[in-house]
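sequence first, predicted model second:
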Amino acid sequence: MTSSPVIASLSGVGYAIRGHRVFDGLDLPIARGRVTAIMGPSGTGKTTLLRLLTGQLQPDRGRVEVDGVDLARLGVDALYALRRQMGMLFQNGALLTDIDVYENVAFPLREHTDLPESLIARIVLMKLQAVGLRGAARLMPAELSGGMARRVALARAIVMDPKILIYDEPFAGLDPIAMGVVLRLIRNMNDALGLTSIVVSHDVHEVSQLADQVYLLSEGKVIAAGSPQELHRSTEPMVRQFLTGGEEGPVPFHYPASDYLGQLLGAEVPS
């Protein structure tokens with residue numbers, strides 16, 4: 001493996017779904033050891049980008065590399081081995097509902113290692129301690145608040161000591177207190193454990209506090225990149241519209257339709 005300052009990259013990536021172009025020559029490097037945020041309006045391919053980075057999808061053209069390895073050249077076993085170096089925090093936490101907190105966090109260790117039970121116990125307790133929930137080890141997922149469930153999912157995501165930690169909308173549905181806790185955990189764990197974090201989020205305020213680098217996607221490409229401070233200084237209309245949440249701008253709020261007044265007066269039924 002390489003020690004390049006770039007741990008993952010998409011280079012000239014093109015990808016389409018059923019004829020719909022998602023990416024068209026996308027170039028996006030991910031810096032090692034930093035928190036990189038991927039943002040953009042709905043439908044710009046943020047989740048597709050994560051699937052490309054984890055090898056779930058293959059680009060129609062271009063290259064996707066992780067730690068110097070072209071994912072398209074990997075066989076199934078090598079791809080699975082590479083994925084074990086990645087942790088994933090799903091948007092809804094995705095905890096297994098019929099086992100307790102301890103067993104949820106232990107699950108990846110049982111699936112992917114032959115560690116003795118005593119060592120599994122120590123690792124699980126260490127990860128739960130890191131997210132402040134060691135005392136909740138025997139609670140069931142149904143007994144957790146939304147913020148607690150997200151923290152358990154985070155403990156599970158780091159239990160294999162990954163190099164890359166991927167967060168898909170980590171702040172969705174959290175109250176302000178839980179959001180602040182998760183925000184600090186992402187930043188602190190990235191720095192303390194030497195991780196590389198990739199955060200997909202719509203939350204402009206939280207990303208501005210968290211990220212080292214932000215990429216703003218639109219129409220299949222990166223339309224803006226830089227630190228949160230650099231993006232906030234941008235005068236580009238699309239960047240300003242996204243960061244301020246404006247209805248008016250290059251990104252239309254309304255889906256294309258016929259004349260509104262004419263449709264109302266004519267009682268035209270949408271076809």
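Right, received. Where do you want to start?

Val200: what's it in contact with?
Contact analysis of Val200 by CB atoms under 8 Å, 6 or more residues apart in numbering lists Ala37, Ile38, Met39, Lys46, Thr47, Leu49, Leu50, Ile166, Tyr167, Asp168, Glu169. (Each C-beta comes from the backbone N, C-alpha and C, glycine too.)

which SS class is the first one?
By that I understand Ala37. Assigned by DSSP: H, G, I helix; E, B strand; the rest coil, the conformation of Ala37 is strand.

contacting residues for the closest residue to it other than its chain neighbours?
In this structure, Ala37 finds its nearest non-sequential neighbour in Ala211, 3.9 Å apart by CB to CB, 6 or more residues apart in numbering. Ala211 sits next to Val35, Thr36, Ala37, Val199, Ser227, Pro228 when contact means CB under 8 Å, 6+ apart.

filter those residues to the buried ones?
Those of those that meet the buried threshold are Val35, Thr36, Ala37, Val199, Pro228, by 16 or more other CB atoms under 10 Å.

does the third one touch Gln209 like I think?
No: the criterion here is CB atoms under 8 Å, and Ala37 misses it with Gln209 at 10.6 Å.

overlap in contacts, these two.
Pro228.

start and end of stretch 71-91, how far apart?
End-to-end distance for stretch 71-91: 24 Å, by CA to CA, to the nearest Å.

what does that stretch contact?
With CB under 8 Å, 6+ apart, stretch 71-91 has contacts from 52, 54-55, 58-59, 63-67, 69, 112, 150, 153-154, 157-160, 162-170, 172.

in stretch 161-168, what counts as buried?
Those buried within stretch 161-168 under the rule 16+ other CB under 10 Å are Pro162, Lys163, Ile164, Leu165, Ile166, Tyr167, Asp168.

what is the nearest of the residues you listed to Thr235?
Tyr167 (29.4 Å; CB to CB).

what about that closest one, distance to Leu139?
23 Å (CB to CB, to the nearest Å).

also Gln85?
On the measure of CB to CB, Gln85 and Leu139 end up 29 Å apart.

just Gln213 next, same as before
For Gln213 relative to Leu139 (CB to CB), the value is 36 Å.

of those two, which one has the most company?
Higher neighbour count among Gln213 and Leu139: Gln213, with 18 against 15, using other CB atoms under 10 Å.

now do the same contact list for the more buried one.
Contacts of Gln213 (CB under 8 Å, 6+ apart): Ala31, Arg34, Val35, Thr36, Ala37, Ala225, Gly226, Ser227.

about what we covered before: mind listing which of the contacts of stretch 71-91 are in helices?
Leu52, His112, Arg150, Ala153, Leu154, Ala157, Ile158 (DSSP state H).

and the helices in the chain, which stretches?
Under DSSP H, the chain gives helices at 46-53, 76-83, 101-112, 117-130, 146-158, 176-193, 204-210, 228-232, 237-244, 260-266.

got a markdown table for the ones you listed, with mean pLDDT and distance to Leu10 too?
Formatted as a markdown table, the helices of the chain follow (pLDDT from 0 to 100; distance: least, CB to CB, whole Å):
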| stretch | mean pLDDT | distance to Leu10 |
| --- | --- | --- |
| helix 46-53 | 89 | 7 |
| helix 76-83 | 89 | 16 |
| helix 101-112 | 93 | 26 |
| helix 117-130 | 93 | 30 |
| helix 146-158 | 87 | 22 |
| helix 176-193 | 83 | 21 |
| helix 204-210 | 83 | 20 |
| helix 228-232 | 85 | 20 |
| helix 237-244 | 74 | 20 |
| helix 260-266 | 70 | 40 |
